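Visitor: Okay, here's the prediction I keep looking at, along with the sequence it came from:
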Amino acid sequence: MASLQISSICLSSFSLKRKHFPINASKSRRMPLLVPKISTKNSFHETNNSIDTNPLEVNVTPKILHDEDIHNLNILHTKTKIYTILELVTDRVEMHHNVGEQRDNWNTLLLNSINMITLTAATMSGLAATCPGSGAPLLALKLSSTLLFCAATGLLVVMNKIQPSQLAEEQRNATRLFKCLKTKIETTIALRNPTEEDVNDVIEKVLAVDRAYPLPLLGGAMLEKFPEKFEPVVWWPNKTSQPHEGKPKSEKIEEELVNGWSEELEMELREVVEVTKREDFEDYERLGNMVLRINKSLAILGSLLMGIATIGSVFVDNIRSCSWAYLVTLLAGSLAAVVNSFEHGGQVGMVFEMYRYCGGFLRLLEETVEATLEEKDVEKRENGEVFENKVAMQLGRSGLQLRKLASKSASCRREGIDMDEFASKLF
């Protein structure tokens, strides 16, 4: 009986298992259908991984291309800026050239007009002195002579104030400097892509030349024609020289060239700079001060003589009654014409401006050499041989002559004798 119960329990449990088995079996039969989904999911992850990798590679290229586009755009903007400045520099060349010709014409026309007016007024004073009686003809001659002398005096004062010959020389110098700057800009564009530093440097140079050689005559913009003392003109940006940090010079620089530089070349350039300071600049300073004094004296003397002639013409009467006024008027008028011709016909103001330019040229040469030698990194300097030749040509010499000059200066300094030669053969 017990065995029957046990067997029935086993059968019932087996039947229960059979009842639940189909459900599990059905689930197990569905599993193979899920396998492709799992594999699809895996393939999706693989594809996703590949997509995650490729877009990075694909996105890098547009980023690089984008950076290149920005770089090219910056280059284009910089070129646009420097071409705009080049156009303005070209316009300034033409402007200063035209103004220079105009002011040179002023000098010629004013000089001829003042001399003709002065001589005409002196002639009228002579006729008035010889005119008999004291009627209307005498009065007309006196008034005409006085008015002409007054006009000549006024024109002469203006002419002495503005110094047209010096103005013309200023504009000629400005034209030459702007032409040099134009050539430098064109060379920079031809050799490489200009940078923002190039643009800023050109702008500073343009403004420096504008300050050195202004165009306006009114409003206090005109340069002082009779300064207290001789000062060289400065047409370059005033940059405070600072020591440049960089790698030290090679210890074997005496034996081998580094970017064309050697200790011997540096000593040579320093010696040449000392010669320009000691001989050339001092000589130009002496001559400039001398010409400045002469120009001041002639300007004062010419105006004074013209004023005396004007006052004398008022008192001109019959030669018998007032011979002193007649003589003073004729002598003062004639001497004023002579002084005026010597001052403005000889273009003393132009000579003074020429000395100012030469002094500025030597000062610029000195600052350029010192700034180059202060650069500690030799590789950042301009090539030594090229720089030496440039300095030599600016002084009107060859490289060999420049080395001989430096050697002669060093020997004269050691022996304690004066140097009997100037550094510049050009001016």
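Guide: Yep, that arrived. Numbering: from 1, shown residues only.

Visitor: Just give me the residue closest to the centre of this protein.
Guide: Among the residues of the chain, the one closest to the centroid is residue 205, at 2.4 Å (Cα atoms, centre = their mean).

Visitor: Residue 261 touches residue 382, doesn't it?
Guide: No: using Cβ atoms under 8 Å as the test, residue 261 is too far from residue 382 to be in contact (9.4 Å). Any C-beta I mention is one placed from the backbone N, CA and C, and that applies to glycine too.

Visitor: Looking at those two, which one has more neighbours?
Guide: Of the pair residue 261 and residue 382, residue 261 is the one with more neighbours under other Cβ atoms under 10 Å, namely 25 against 15.

Visitor: and that one, what are its bridge partners?
Guide: Note on residue 261: beta-bridge partners residue 258, judged by DSSP bridges.

Visitor: tell me the pLDDT at it?
Guide: For residue 261, the model assigns a pLDDT of 91.

Visitor: State the distance from it to residue 152.
Guide: Distance from residue 261 to residue 152, counting by Cβ to Cβ, to the nearest Å: 62 Å.

Visitor: Report the contact partners of residue 329.
Guide: Shown in contact with residue 329 (Cβ atoms under 8 Å, 6 or more residues apart in numbering): 122, 125, 145, 309, 312-313, 316.

Visitor: Please identify which helix or strand holds it.
Guide: helix 323-340 (DSSP states H and E).

Visitor: Export that helix to CSV, keeping only CA atoms.
Guide: Provided in CSV are the C-alpha atoms of helix 323-340 (Å, rounded to 0.1, in the frame of the first residue of the first chain):
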residue,chain,number,x,y,z
SER,A,323,69.9,164.2,-49.7
TRP,A,324,70.5,161.8,-46.7
ALA,A,325,67.1,160.1,-47.1
TYR,A,326,67.8,159.6,-50.8
LEU,A,327,71.2,158.0,-50.2
VAL,A,328,70.0,155.8,-47.3
THR,A,329,67.0,154.5,-49.3
LEU,A,330,69.1,153.7,-52.3
LEU,A,331,71.9,152.0,-50.3
ALA,A,332,69.6,150.1,-48.0
GLY,A,333,67.4,148.9,-50.9
SER,A,334,70.4,147.8,-53.0
LEU,A,335,72.0,146.0,-50.0
ALA,A,336,68.8,144.3,-49.1
ALA,A,337,68.5,142.9,-52.7
VAL,A,338,72.1,141.6,-52.4
VAL,A,339,71.6,140.0,-49.1
ASN,A,340,68.3,138.5,-50.2
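
Visitor: ok, then the element right after the helix or strand of the chain with the lowest mean pLDDT?
Guide: For the chain, counting by mean pLDDT, DSSP states H and E, helix 2-130 ranks last in confidence among helices and strands (a mean of 67). As assigned by DSSP H and E, the chain's next helix or strand after helix 2-130 is helix 136-162.

Visitor: From the contact counts, what lies against that following helix?
Guide: helix 2-130, helix 282-314, helix 323-340 (3 or more Cβ pairs under 8 Å, 6 or more residues apart in numbering; DSSP states H and E).

Visitor: Now stretch 99-113 - C-alpha only, PDB.
Guide: What follows is stretch 99-113, C-alpha atoms only, in PDB (Å, rounded to 0.1, in the frame of the first residue of the first chain):
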ATOM      1  CA  VAL A  99      54.800 119.700 -52.900                       C
ATOM      2  CA  GLY A 100      58.600 119.800 -53.100                       C
ATOM      3  CA  GLU A 101      58.500 121.100 -56.700                       C
ATOM      4  CA  GLN A 102      55.900 123.700 -55.600                       C
ATOM      5  CA  ARG A 103      58.000 125.000 -52.800                       C
ATOM      6  CA  ASP A 104      61.100 125.100 -55.000                       C
ATOM      7  CA  ASN A 105      59.000 127.300 -57.300                       C
ATOM      8  CA  TRP A 106      58.000 129.500 -54.300                       C
ATOM      9  CA  ASN A 107      61.700 130.100 -53.600                       C
ATOM     10  CA  THR A 108      62.400 131.200 -57.200                       C
ATOM     11  CA  LEU A 109      59.300 133.300 -57.700                       C
ATOM     12  CA  LEU A 110      59.500 135.100 -54.300                       C
ATOM     13  CA  LEU A 111      63.200 135.800 -54.700                       C
ATOM     14  CA  ASN A 112      62.700 137.300 -58.200                       C
ATOM     15  CA  SER A 113      59.600 139.200 -57.100                       C
END
